[in-house]
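Colleague: Structure for the following, please:
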Amino acid sequence: QVHLVESGGGLVQAGGSLRLTCAASGSDFSINDMGWYRQAPGKQHELVAAITSGGNTNYADSVKGRFTISRDNAKNTVYLQMNSLKPEDTAVYYCNVKGVLVTPGRFPFGSWGQGTQVTVSS
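Modeller: Numbering: from 1, shown residues only. Presented below is the predicted three-dimensional model:
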């Protein structure tokens, strides 16, 4: 089992910055894709940014140029640097990790973080 712990959310004024962190822990696993999703009240769950094991990234159009996703494979950690925040970025942000449990055998897994609230005031 792979457990995710998120941190870094909070309240910030429009134009400000926050950095989210998600650390994976467990045993006998290998991580492939890592990503961040968000859900605002009354809105659908949406992908914010994702990064592959090779470092390829993908962003929602609404955050391109403002958010940067990165990962530290040695620490099994993914980050989301959020700059120039807007009130419409207010949401609960969830970390998602996909990979393989390597013993016994090889089994794919997907895990979600508990969510961290980001609130941007105007």
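Colleague: so how far is the first residue of stretch 103-110 from its last?
Modeller: 16 Å (CA to CA, to the nearest Å).
Colleague: which parts of that stretch are buried?
Modeller: By neighbour count on 16 or more other CB atoms under 10 Å, the buried set for stretch 103-110 is residue 109. C-betas here are computed from N, CA, C, even on glycine.
Colleague: Then stretch 9-27?
Modeller: Going by neighbour count (16+ other CB under 10 Å), the buried part of stretch 9-27 is 9, 12, 18, 20-24.
Colleague: from those residues, which two are the most distant?
Modeller: Greatest spatial distance in these: 12 and 24, 25.6 Å, computed using CB to CB.
Colleague: Closest to residue 1 out of the buried residues of stretch 9-27?
Modeller: Closest approach to residue 1 among those (CB to CB): residue 24, at 10.7 Å.
Colleague: Test my guess that that closest one contacts residue 110.
Modeller: No: the pair residue 24 / residue 110 is not scored as a contact, 11.6 Å apart, by CB atoms under 8 Å.
Colleague: Would you mind measuring from the spatially most central residue of the chain to residue 3?
Modeller: The residue lying closest to the centre of the chain (CA atoms, centre = their mean) is residue 36, at 2.8 Å. Residue 36 sits at a distance of 17 Å from residue 3 (criterion: CB to CB, to the nearest Å).
Colleague: beta partners for the residue nearest to the centre of the chain?
Modeller: Beta-bridge pairing for residue 36 (DSSP bridges): residue 49, residue 95.
Colleague: ok, now which ones touch it?
Modeller: By CB atoms under 8 Å, 6 or more residues apart in numbering, residue 36 lies in contact with 20, 22, 47-50, 69, 78, 80, 93-96.
Colleague: between those residues, which is nearest residue 41?
Modeller: Residue 41 lies nearest to residue 93 out of those, by CB to CB, at 13.6 Å.
Colleague: Grab the nearest non-local neighbour of residue 7.
Modeller: What sits nearest to residue 7 in space, not counting adjacent residues and going by CB to CB, 6 or more residues apart in numbering, is residue 21, at 5.1 Å.
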